[in-house]
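*Asks:* Based on what follows, work out the 3D shape:
(chains A, B, C, D and E)
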Amino acid sequence: MDLTTLFGLVVAWGAVLVSVILEGGHLGSLWNLPAALIVLGGTLGATIIGLPLAHAKEVPGVLLRAFVGRRVDSAEVMRVLLDFIRRARRDGILALEGEIETLDNEFLRSGLQLVIDGTSQELLQESLTTELRAMRARHSVGQNIFNTLGGFAPTLGIIGTVMGLIHMLGKLDRPEDMGHSIAAAFVATLYGVSTANLIFLPIANKLKCNSDEELFAYQLAVEGIIALQAGESPHLAAARMRAFLSPRAKQIFDSKAA
Amino acid sequence: MDLTTLFGLVVAWGAVLVSVILEGGHLGSLWNLPAALIVLGGTLGATIIGLPLAHAKEVPGVLLRAFVGRRVDSAEVMRVLLDFIRRARRDGILALEGEIETLDNEFLRSGLQLVIDGTSQELLQESLTTELRAMRARHSVGQNIFNTLGGFAPTLGIIGTVMGLIHMLGKLDRPEDMGHSIAAAFVATLYGVSTANLIFLPIANKLKCNSDEELFAYQLAVEGIIALQAGESPHLAAARMRAFLSPRAKQIFDSKAA
Amino acid sequence: MDLTTLFGLVVAWGAVLVSVILEGGHLGSLWNLPAALIVLGGTLGATIIGLPLAHAKEVPGVLLRAFVGRRVDSAEVMRVLLDFIRRARRDGILALEGEIETLDNEFLRSGLQLVIDGTSQELLQESLTTELRAMRARHSVGQNIFNTLGGFAPTLGIIGTVMGLIHMLGKLDRPEDMGHSIAAAFVATLYGVSTANLIFLPIANKLKCNSDEELFAYQLAVEGIIALQAGESPHLAAARMRAFLSPRAKQIFDSKAA
Amino acid sequence: MDLTTLFGLVVAWGAVLVSVILEGGHLGSLWNLPAALIVLGGTLGATIIGLPLAHAKEVPGVLLRAFVGRRVDSAEVMRVLLDFIRRARRDGILALEGEIETLDNEFLRSGLQLVIDGTSQELLQESLTTELRAMRARHSVGQNIFNTLGGFAPTLGIIGTVMGLIHMLGKLDRPEDMGHSIAAAFVATLYGVSTANLIFLPIANKLKCNSDEELFAYQLAVEGIIALQAGESPHLAAARMRAFLSPRAKQIFDSKAA
Amino acid sequence: MDLTTLFGLVVAWGAVLVSVILEGGHLGSLWNLPAALIVLGGTLGATIIGLPLAHAKEVPGVLLRAFVGRRVDSAEVMRVLLDFIRRARRDGILALEGEIETLDNEFLRSGLQLVIDGTSQELLQESLTTELRAMRARHSVGQNIFNTLGGFAPTLGIIGTVMGLIHMLGKLDRPEDMGHSIAAAFVATLYGVSTANLIFLPIANKLKCNSDEELFAYQLAVEGIIALQAGESPHLAAARMRAFLSPRAKQIFDSKAA
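*Replies:* Numbering: from 1, shown residues only, chains lettered A, B, ... in the order given. So this is what the prediction gives:
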């Protein structure tokens, strides 16, 4: 479980909150229903227009992943594959058939199933590469949604503020209300810029980060699966996969192997 | 029929509308003919300058596609191709001649016609790839038009606002009109930013989304057509095409195949 | 002759003009010599600094092409090449020698001359590819100039406006002039943003559009010239080139061929 | 030790400081705790949300490298590798085993170890390339953190300023405080823009600069290691590596070699 | 000698100057020492932070090249190489040894030296390509410095202006000074935007332009050097290099050859 997303949110919004209190302002003056409606409704609407319905359904899952962040552990993937490579050399590839059912990593399982099914090397390589490409496309859907939200929110804040100012200019005859009206108009900008920069865009960054890490780990897995099919020695396969590990992961792997 | 575009438009403009009403403004103060003229006319003109005439003619069709969104169903394309592959192995490729007339997908039909015509593998591959490249270029025309509209609209809003302010500064001797004049000037910015962000740019996003999905499906089709020509077994061809399916589409395909 | 550039300019500036009149402003208040000087002179100067002298000389030709737009007709190029391919198979490649002089397309003529000169296939392919690359570079010169003009104009408008405001702030003791001075300062922004968005950037878009179309057509020509040298059948060469045609151009070609 | 980072910081902040003093302002008016809190806390929080925890831990090391800048010396790397190549030709590759332990460059050491272990050329090439790719990814983590900080800081400055203005507009009945309140609101923008442009973004530039230089030097190292394994003559290997040296480094190398 | 850089600077700054005079402003009001200090010192400092010391030393040379612009003449390079190719076929490659000392183009000289030294074709190709890649990297250093200066200057202008406004808001009790103080604050923005757009960014454009042209010419040189080593006929080598010439350079070359 990856707590940095939650921790970052607490730091960011905590700083905003404490700053408001220190300044002697009260939070009530930052609440404005029409502003909230135009910024959130408008941003959501603009984002929905540009998406196929299917993508919208994936938002909860995507959000969960940003917060819980079940990441793929490269060193663990390498350990599992080396284990399979050793057994395949000893007992033959078909002996793995029962084992792979127990893997809870879908990519490894379907990749190894292709090997057991006797897929040719050319098709195996092509399938795994296409699979990775499709995975990158799927991951980018989530990043895309949050980047789009973060892109539209500030402009909707501006729309809300301009509309508020136009409204305010219509009642210049009551100057005692002007301060309040201008403040209310600015609240829309505040909502737009802060939701974009303290929620949507950072989450998009997080999703990209997680995706990059996962895809890098799966490139290691592709090397390992192809080595398994080719009947390479565990020593050679380890050398091939090791290059994908970060220095930290190399140490972890070496200490566990020892 | 894809209702998300319409749904998103309703959500976005509904939020704007309700927000205006909640704020106690009346919609009449947001209507300004000179502002509408300069933003829409200027944006349209700036976009037309940069386009060949032929592209302008495609706007209605492009818009229709954004709203109705006849998307290509990858699982269906795969099912059809596997069916053809099975028949071609049983009855020979020429037996497909009558069948392909019934296909309403132009890409599949012309690709399969090339196979029946006895095109060499090298030329078949090249033709299909060029066809995909040309299709991507055609799709990008529509995205390009709406991105251009969305890029010019806010700057034309600024032109309208600056012109309105200059106009207003010329009659500082009538301070009672100033509020109204400034409000009218801001309406141009409102039109520019809101048409860009709640119409043009989201539609451009939608067109890109549809195009990406369609092109990914056709890459699957290319694999299938080449497999058909090579006389590959349906089993092998299915494995080759499966990698292009999303996990969801894989499930749909498997459940129908069962 | 491509009238969309002219038509777009009329639409855009017409909308601006009518909008000014509707608003009850008079055009005289939008004229300001110092503002025009700083925006146009500054933009031109900044653009000239960044260009080799040779490029400046090409501006008139580039502009002409944006307005007149002599475009390359893909279907026509394909028809001409197929005709040559048929004759070359009947009478030999050398029989084309007299014919190619009559071609007014420089790219086709020099490409076919290479074939007649007996250039090896490897060198022919390399020459045509380098030629296309150089053409893309030449085309980008024009786009680059107008994009640079369009990039500098708004910032020079800001420079003009800030200078005008500084000037105005120096005579706060004559408040009756302030309105006029601020209006004059804003005119510079107006000039910068409107020349950029209603002239320079749209023309840059148009040049890019024309260039993309032309280069796509020449890729078709490269396929045809290589097919001619290889002595391919007209049927095969047509199939190879057809993939580069848009659906519309395919219909035109088919209807003429019939 | 690379003093330019420190020197640049002194120049930039010195200029700001002296400018404030020359203007007759006192620094106290630029200090505002709520503004500092919202800009730094918010920027930090937004950045943390988008990062895996592991990356946060690398910030001190990354910062140190930006200031101290232990750079890889291409000419020195080349000299070391040529020395090894000469010894390997004289005494055999295994004779290097003891030597490489003394190298304090991790990349060279592990690359040469692969050669001594008898790794095949194909795997050696692949390992070194993957290693470089992974190094580029690791370096980009640091650049990414500082670019993200530099991207969020100005928008958090705007959030702080808008919140300050809203607060100020709530007490328009005390006009004697207005000047102070507006000034305090602007301080947040000042903090955001100046931390971004005088700390975060320049450091990101520096990290990118260092990384580019290092990776270019390691490409030279890859050439040398592969030449060593292939048993190439020192003369040939030197020619191969020389192309990677800058003209300056070539002179340094030649003068030392002489 | 390339006078366009100087000419452009005169046009741009002349337009600014004349515009100020026409507006009836006096230049003295545009001079402000603290503003100059913060914009220039801050911009310089921010740029220095992000650069290795070595790069700073190259600024004078880079600037000189932007103004004097010793460009490589493609037609001349081609003429020289064809001359060497003819002599090499008549007298043997070694006969060139004395000649190449007289070449003042370093790239041609070291490339031809490699041929005379009997470098294998594979290593020659690799060396020249790496050399070009390194040259592109070196050229980009200069562009990078000026782009960075041009990127930081406007934001430092904003920092100066915001600081000036904060300073001004502290003395609202002396309203007679306000106009002067606001004007002084705006001068910083003026300095930032004008140095960026009328000096730094145009020079960066110029450097990029020169670099592109030079690298394109050297690609022609690579073709020629390889043709020389392969002992190709001057006719064939000319055809190979001709494709790199612009239509203008082709005419120049043909008219001199005739």
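*Asks:* who in the stretch 1-150 of chain A is up against chain D?
*Replies:* A:2-5, A:7-16, A:18-20, A:22-25, A:29-30, A:69, A:71 (CB under 8 Å from any CB of the partner chain). (C-beta placed from N, C-alpha, C; glycine too.)
*Asks:* quick one, phi psi at the closest residue to residue A:29 other than its chain neighbours?
*Replies:* Leaving out its chain neighbours, the residue that sits closest to residue A:29 by CB to CB, 6 or more residues apart in numbering or on different chains is residue D:170, at 5.4 Å. For residue D:170, the backbone dihedrals are phi -80, psi -10 (criterion: degrees, to the nearest 10).
*Asks:* Can you check the pLDDT for residue D:170?
*Replies:* The predicted structure scores residue D:170 at 79 on the pLDDT scale.
*Asks:* What of residue A:70?
*Replies:* pLDDT at residue A:70 comes out at 64.
*Asks:* check contacts around residue A:95.
*Replies:* A:87-88 (CB atoms under 8 Å, 6 or more residues apart in numbering or on different chains).
*Asks:* ok, now residue A:87?
*Replies:* Counted by CB under 8 Å, 6+ apart, residue A:87 has contacts A:95-96, A:99.
*Asks:* Which single one of those residues is nearest to residue B:243?
*Replies:* residue A:96 (20.9 Å; CB to CB).
*Asks:* Would you mind measuring from that closest one to chain C?
*Replies:* 44 Å (CB to the nearest CB, to the nearest Å).
*Asks:* Double-check that residue against residue A:114; I have them as touching.
*Replies:* No - Residue A:96 is not in contact with residue A:114 according to CB atoms under 8 Å; the separation is 11.9 Å.
*Asks:* circling back: would you turn the contacts of residue A:87 into JSON lines with pLDDT?
*Replies:* Formatted as JSON lines, the contacts of residue A:87 follow (pLDDT from 0 to 100):
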{"residue": "A:95", "pLDDT": "85"}
{"residue": "A:96", "pLDDT": "86"}
{"residue": "A:99", "pLDDT": "83"}
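*Asks:* Compile those into a markdown table and extend it with columns for distance to residue C:145 and secondary structure.
*Replies:* A markdown table is the format used below for the contacts of residue A:87 (distance: CB to CB, whole Å; DSSP: H, G, I helix; E, B strand; the rest coil):
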| residue | distance to residue C:145 | secondary structure |
| --- | --- | --- |
| A:95 | 69 | helix |
| A:96 | 63 | helix |
| A:99 | 65 | helix |
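*Asks:* How many neighbouring residues does the closest residue to residue A:55 other than its chain neighbours have?
*Replies:* The shortest distance from residue A:55 to any non-neighbouring residue, by CB to CB, 6+ apart, is to residue A:141 (5.3 Å). Number of residues near residue A:141 (other CB atoms under 10 Å in any protein chain shown) recorded here: 19.
*Asks:* where along the stretch 151-258 of chain A do the helices fall?
*Replies:* A:175-195, A:201-230, A:234-242, A:247-257 (DSSP state H, counting those that start in this stretch).
*Asks:* Geometric centre of chain A: which residue is closest?
*Replies:* residue A:207 (1.6 Å; CA atoms, centre = their mean).
*Asks:* the helices in the stretch 1-150 of chain A, which residues?
*Replies:* Counting by DSSP H, counting those that start in this stretch, the helices of the stretch 1-150 of chain A are A:4-22, A:33-36, A:42-49, A:53-57, A:59-68, A:74-91, A:97-100, A:106-116, A:121-169.
*Asks:* out of the ones you listed, deepest packed?
*Replies:* Among those, helix A:42-49 has the highest mean neighbour count (mean count of other CB atoms under 10 Å in any protein chain shown), at a mean of 26.
*Asks:* which residues touch residue A:144?
*Replies:* By CB under 8 Å, 6+ apart, residue A:144 has no neighbours at all.
*Asks:* per-residue confidence for it?
*Replies:* 92.
*Asks:* just residue A:127 next, same as before
*Replies:* 88.
*Asks:* The closest residue in space to it that isn't next to it in sequence and chain D, how far apart?
*Replies:* By the measure of CB to CB, 6+ apart, the closest residue to residue A:127 outside its immediate chain neighbours is residue B:243, 4.5 Å from it. The gap separating residue B:243 from chain D is 23 Å, by CB to the nearest CB.
*Asks:* what number of residues lie near residue B:243?
*Replies:* 21.
*Asks:* show me where pLDDT drops low in chain A?
*Replies:* Along chain A, the model assigns pLDDT under 70 to residues A:1, A:69-71, A:257-258.
*Asks:* Near chain E, which residues of it are found?
*Replies:* So chain A never meets chain E (CB under 8 Å from any CB).
*Asks:* Show which residue of chain A lies farthest from the average position.
*Replies:* Outermost residue of chain A (CA atoms, centre = their mean): residue A:173, 51.2 Å.
*Asks:* and stretch A:111-122, is it in reach of chain B?
*Replies:* Yes - counting by CB under 8 Å from any CB, chain B is contacted by stretch A:111-122 at A:114, A:117, A:119.
*Asks:* which non-adjacent residue is nearest the second one?
*Replies:* Read it as residue A:117. residue B:239 (8.0 Å).
*Asks:* got a list of what the one you found touches?
*Replies:* A:114, A:117, A:119, A:123, A:127.
*Asks:* Return the residues in contact with the residue nearest to residue A:55.
*Replies:* A:55, A:58, A:62.
*Asks:* could you check the distance from residue A:240 over to residue D:230?
*Replies:* Going from residue A:240 to residue D:230 by CB to CB, to the nearest Å gives 20 Å.
*Asks:* quick one: which of the two has more around it?
*Replies:* residue A:240 (20 against 13).
*Asks:* Give me every residue in the stretch 151-258 of chain A lying close to chain D.
*Replies:* So the stretch 151-258 of chain A meets chain D at A:178-180, A:182-183, A:186-187, A:189-190, A:193-194, A:196-198, A:201-206, A:208-210, A:212-213, A:216, A:236, A:239-240, A:242-248 (CB under 8 Å from any CB).
*Asks:* Give me the buried entries from the residues you listed.
*Replies:* For those, a neighbour count by 16 or more other CB atoms under 10 Å in any protein chain shown gives the buried set as A:179, A:182-183, A:186-187, A:189-190, A:193-194, A:196-198, A:201-206, A:208-210, A:212-213, A:216, A:239-240, A:242-246.
*Asks:* wait, what's in contact with the closest residue to residue A:56 other than its chain neighbours?
*Replies:* Once flanking residues are discounted, residue A:56 sits nearest to residue A:48: 6.6 Å by CB to CB, 6+ apart. Shown in contact with residue A:48 (CB under 8 Å, 6+ apart): A:56, B:4, B:7-8, B:11-12.
*Asks:* Between the contacts of residue A:87, which sits nearest chain B?
*Replies:* Distance to chain B across the contacts of residue A:87 (CB to the nearest CB) is lowest for residue A:96, with 18.5 Å.
*Asks:* Could you report the neighbour count for the closest one?
*Replies:* 20.
*Asks:* And it, how far from chain E?
*Replies:* 43 Å.
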